[in-house]
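Participant: Dropping a prediction and its sequence here:
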Amino acid sequence: KQEVTQIPAALSVPEGENLVLNCSFTDSAIYNLQWFRQDPGKGLTSLLLIQSSQREQTSGRLNASLDKSSGRSTLYIAASQPGDSATYLCAVRQTGYALNFGKGTSLLVTP
Amino acid sequence: EAGVAQSPRYKIIEKRQSVAFWCNPISGHATLYWYQQILGQGPKLLIQFQNNGVVDDSQLPKDRFSAERLKGVDSTLKIQPAKLEDSAVYLCASSFLAQYEQYFGPGTRLTVT
């Protein structure tokens, strides 16, 4: 059974800092990995999708990497802003299955 | 392109009552998912449809939960009777096909008292 773990559970940083969120999974036979953002009381917004054959994906100030063999992914946020405050969820998909989520990292960026 | 629509957004019921949630996926998306997200947890899949057929319902508590996707478009999720532990956000998502990116609706927040 695939287990997805996100560390840290919560993080508070001052505005302007670069930060890294970590995601690990127990079964490396994944189809792809997706990072989501969730604002309070809202649904999930997809940030980045990395296919199993890819090593990283970039979108603006966000960069996600994938090391399938070691069961790890990182989400790098450059020059953090207060508007980045949200919960970030990592989810993996194995062939034929739906997404398997971690518990998320709650991020607070202070002005 | 319109996103995934869900209603109601909020619902408060007493335990042992019944409740139903509705989801309208993105047009043309064959795969539809219902997830349950308990406070402080990541979403957990309840059921996955491919068109109007069930692909995976292994984590659906079938003694009280039911779901259908008639005509392969809209879907409803029902709980009868509700328990206190059913308090959660119920998220609907859709994708073009199962292996494609999923798009989520805003969710329905259920409180069972």
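Facilitator: Structure's in. What do you need?

Participant: got the residues of chain A near chain B?
Facilitator: A:4, A:31-32, A:34, A:36, A:41-46, A:49, A:89, A:91, A:93, A:95-104 (CB under 8 Å from any CB of the partner chain). (Each C-beta comes from the backbone N, C-alpha and C, glycine too.)

Participant: For B:L70, grab the count of nearby residues.
Facilitator: Here the count is done by other CB atoms under 10 Å in any protein chain shown, and B:L70 has 9 residues near it.

Participant: What values do phi and psi take at it?
Facilitator: phi -70, psi 140 (degrees, to the nearest 10).

Participant: Hmm, B:N51 and it touching each other?
Facilitator: No - between B:L70 and B:N51 there is no contact under CB atoms under 8 Å: 10.8 Å.

Participant: Put the buried members of the residues of chain A next to chain B into a ChimeraX selection.
Facilitator: Typed into ChimeraX, the line below selects the buried ones among those, using 16 or more other CB atoms under 10 Å in any protein chain shown:
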select /A:4,32,34,36,43,44,46,49,89,91,93,97,98,99,100,101,102,103,104
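
Participant: hang on, B:K71 in a strand?
Facilitator: No - in this structure, B:K71 is helix, not part of a strand, as judged by DSSP: H, G, I helix; E, B strand; the rest coil.

Participant: What count of nearby residues applies to it?
Facilitator: 7.

Participant: so what's it up against?
Facilitator: Contact analysis of B:K71 by CB atoms under 8 Å, 6 or more residues apart in numbering or on different chains lists B:N52.

Participant: quick one: low-confidence ranges for the chain?
Facilitator: The chain I'm using is chain A. Scanning chain A for pLDDT under 70 picks out A:97.

Participant: that answer is for a different chain, and I need it for chain B
Facilitator: For chain B, the ranges with pLDDT under 70 are B:1.

Participant: Show me which residues of it are close to chain A?
Facilitator: B:4, B:33, B:40-45, B:48, B:56, B:91, B:93, B:98-99, B:101-107, B:109.

Participant: Any of these buried? List them.
Facilitator: Buried among the residues of chain B next to chain A by 16+ other CB under 10 Å: B:4, B:33, B:42-45, B:48, B:56, B:91, B:93, B:98, B:102-107, B:109.

Participant: Give me the nearest residue to the closest residue to chain B within chain A, chain neighbours excluded.
Facilitator: Going by CB to the nearest CB, chain B is nearest to A:F101 of chain A, at 3.1 Å. Leaving aside its sequence neighbours, A:F101 sits nearest to B:G42 (CB to CB, 6 or more residues apart in numbering or on different chains; 3.1 Å).

Participant: in its sheet, what does the helix or strand that contains A:L89 sit against?
Facilitator: Counting by DSSP states H and E, the element that carries A:L89 is strand A:86-93. Strands that pair with strand A:86-93, judged by DSSP bridges, come out as strand A:32-38 (antiparallel), strand A:99-101 (antiparallel), strand A:105-110 (antiparallel).
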